[in-house]
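Q: Fold the following and give me the result.
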Amino acid sequence: MAKKNRQVSFNLNDEAERRLYEYAGRPDVNFSGLVKMLLFSYLERKGEEQK
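A: Numbering: from 1, shown residues only. I've put the predicted structure just below:
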């Protein structure tokens, strides 16, 4: 099984991005799973827009 990683950068001087960063670092948050779910939802919506 081949795995690849992507990085996400957060600007901690920006309040909204800092809140995202803090949420992503919580022990009860599966950051990888969350990002994958959000990307999949985004792609599904984009597909609907293109029809």
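Q: Show the pLDDT at the spatially most central residue of the chain.
A: The C-alpha lying nearest the average C-alpha coordinate of the chain belongs to Val35 (Cα atoms, centre = their mean; 3.1 Å). Looking at Val35, its pLDDT reads 96.
Q: give me phi/psi at it?
A: Main-chain torsions, Val35, degrees, to the nearest 10: phi -60, psi -40.
Q: So the closest residue to it other than its chain neighbours: helix, strand or coil?
A: Excluding the flanking residues, the one nearest Val35 by Cβ to Cβ, 6 or more residues apart in numbering is Val8, at 7.3 Å. C-beta coordinates here come from the backbone N, C-alpha and C atoms, glycine included. Assigned with DSSP: H, G, I helix; E, B strand; the rest coil, Val8 falls in the coil class.
Q: Would you agree Val8 is in contact with Leu34?
A: No: counting by Cβ atoms under 8 Å, Val8 sits too far from Leu34 to count as a contact (10.8 Å).
Q: These two - which one has more neighbours?
A: The neighbour comparison of Val8 against Leu34 (other Cβ atoms under 10 Å) goes to Leu34, with 12 against 9.
Q: Which residue is the nearest non-sequential neighbour of that one?
A: Ala24 (7.5 Å).
Q: Same question for Leu20.
A: Phe10 is the one closest to Leu20 (Cβ to Cβ, 6+ apart), at 6.2 Å.
Q: where's the one you found relative to Gly33, distance?
A: 18 Å (Cβ to Cβ, to the nearest Å).
Q: So, low pLDDT: which residues of the protein?
A: By pLDDT under 70, the low-scoring segments of the chain are 51.
Q: follow-up on the earlier one: give the contact list for the residue nearest to Leu34.
A: 8, 10, 31, 34 (Cβ atoms under 8 Å, 6 or more residues apart in numbering).
Q: circling back: let me see the backbone angles for the residue nearest to Val35.
A: phi -120, psi 130.
Q: ok, now the one 10 residues further on?
A: When read as degrees, to the nearest 10, the backbone of Arg18 gives phi -60, psi -40.
Q: Please give me every residue in contact with it.
A: Neighbour list for Arg18: 10-12 [criterion: Cβ under 8 Å, 6+ apart].
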